[in-house]
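Participant: Pasting the sequence and the predicted coordinates here, then a few questions.
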Amino acid sequence: MEIPKFFDLSGRTIIITGAAGNLGSQYAEGLAQVGANIVLADIDQKSCKKIGERIEKSCNVKTLSVKLDLNDKSSIKNMVSKTVKKFSRIDVLINNAAYQGTNKTRKMKFENFPLSEWNKAVSVNLTGIFLTCQEVGKVMKKQKNGNIINISSTYGLVAPDQRIYGKSGQNAAAFYSATKAAIVNLSRYLASYWNRTGIRVNTLSPGGVERKQDANFIKLYSEKTMLGRMAKNNEYVGAIIFLSSDASSYMTGSNLIVDGGWTAW
């Protein structure tokens, strides 16, 4: 048994949506370090190109930067087409992109929350994943092999504790919990639907990441976790590599929770 080979992703092609974001860029760099070729997909293609150039030089892998609008099915099809054209296959899809609202909407009362914001979030956070899984699933089914990782959240498992927010502006809107919860069961459905086809589907549910938020919010959030702190922005990379690699080859329909113990009390 050669354990390092379980985590080796050399030559595999991995699509990361929301790749220009804080966690998406961390996933890209970590996966590239274990040999994967990375498709960086985001509405912000310019940032994706910069990230791609950096990891090509440092990790000696190939990258592709694609502008992706999850509200547009043709944009998703374009991403899949360009990926297959360049790399001939898609080994892993990481549905990481998510809409979390604006500073203004985070402070809004539920009773007054605009339908337009709810619809926008559902379109990106849920319908966008549905459409992306459809298009990538077609490729993986032909390959008779593939691996899909959908990113949920602790707030897809439990309700946000409203007591910790105060005036921090970090409040999670109702749409966030609703869509993240839906992702968990969509992943189970797809794992069941594609059973014995060679396609695996799992969920990763991370907790909160410290990003210089309001000091009191960080303190109150940290007290809710067993480890007594928020996550560092690189602490989910190990979980992503595990789920993307053969180390998780007997895992499908599962939800990997990495939240510092928040939901385990």
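Facilitator: Nice, I can see it.

Participant: could you show me where the strands are in this structure, in order?
Facilitator: With strands called from DSSP state E, the chain shows them at 13-17, 37-42, 63-67, 92-95, 146-151, 199-206, 255-258.

Participant: Quick check: neighbours of the second one in the sheet, parallel or antiparallel?
Facilitator: Paired neighbours of strand 37-42 in the sheet (DSSP bridges): strand 13-17 (parallel), strand 63-67 (parallel).

Participant: mind listing what's buried in that strand?
Facilitator: Buried residues in strand 37-42, counted by 16 or more other CB atoms under 10 Å: 37, 38, 39, 40, 41, 42. C-beta: built from backbone N, CA, C; applies to glycine.

Participant: Show me the longest helix that occurs in this protein.
Facilitator: helix 174-193 (DSSP state H).

Participant: Can you dump the C-alpha atoms of it in PDB for me?
Facilitator: Output of helix 174-193 as PDB, limited to C-alpha atoms (Å, rounded to 0.1, in the frame of the first residue of the first chain):
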ATOM      1  CA  ALA A 174     -32.300  32.900   5.100                       C
ATOM      2  CA  PHE A 175     -31.500  32.100   1.500                       C
ATOM      3  CA  TYR A 176     -28.000  31.000   2.500                       C
ATOM      4  CA  SER A 177     -29.300  28.400   5.000                       C
ATOM      5  CA  ALA A 178     -32.000  27.200   2.600                       C
ATOM      6  CA  THR A 179     -29.800  26.800  -0.400                       C
ATOM      7  CA  LYS A 180     -26.900  25.200   1.500                       C
ATOM      8  CA  ALA A 181     -29.200  22.700   3.100                       C
ATOM      9  CA  ALA A 182     -30.600  21.800  -0.300                       C
ATOM     10  CA  ILE A 183     -27.100  21.200  -1.600                       C
ATOM     11  CA  VAL A 184     -26.600  18.400   0.900                       C
ATOM     12  CA  ASN A 185     -29.600  16.400  -0.200                       C
ATOM     13  CA  LEU A 186     -29.000  17.200  -3.900                       C
ATOM     14  CA  SER A 187     -25.600  15.600  -3.500                       C
ATOM     15  CA  ARG A 188     -27.200  12.500  -2.000                       C
ATOM     16  CA  TYR A 189     -29.700  12.400  -4.800                       C
ATOM     17  CA  LEU A 190     -27.000  12.600  -7.400                       C
ATOM     18  CA  ALA A 191     -24.900   9.900  -5.700                       C
ATOM     19  CA  SER A 192     -27.900   7.700  -5.700                       C
ATOM     20  CA  TYR A 193     -28.900   8.500  -9.300                       C
END
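
Participant: hmm, who's touching that helix?
Facilitator: Contacts to helix 174-193, defined as CB atoms under 8 Å, 6 or more residues apart in numbering, come from residues 95, 98, 100-101, 110, 113, 117-118, 121-122, 125-126, 129-130, 133, 137, 148, 150-153, 155-157, 159-160, 199-203, 205, 252-253, 255.

Participant: still on that earlier bit, looking at the strands paired with strand 37-42, which one is packed in the most?
Facilitator: Mean neighbour count (mean count of other CB atoms under 10 Å) peaks for strand 13-17 among these, with a mean of 27.

Participant: Can you give the contact residues for it?
Facilitator: Everything outside strand 13-17 that qualifies as a contact, by CB under 8 Å, 6+ apart, is 24, 27-28, 31, 36-42, 68, 70, 79, 83, 87, 89-97, 128, 132, 136, 244.

Participant: Any chance you could list what contacts stretch 121-130?
Facilitator: With contact meaning CB under 8 Å, 6+ apart, stretch 121-130 is reached by 17, 70-71, 76, 95, 97-99, 101, 150, 173, 175-176, 178-180, 182-183, 186.

Participant: re the thing from before, filter the contacts of helix 174-193 down to just the buried residues.
Facilitator: 95, 98, 101, 117-118, 121-122, 125-126, 129, 133, 137, 148, 150-153, 155-157, 160, 199-203, 205, 252-253, 255.

Participant: dump the residue contacts of residue 235.
Facilitator: With CB under 8 Å, 6+ apart, residue 235 has these contacts: 209, 258.

Participant: Dihedrals phi and psi, it?
Facilitator: Here is the backbone geometry of residue 235 (degrees, to the nearest 10): phi -80, psi 0.
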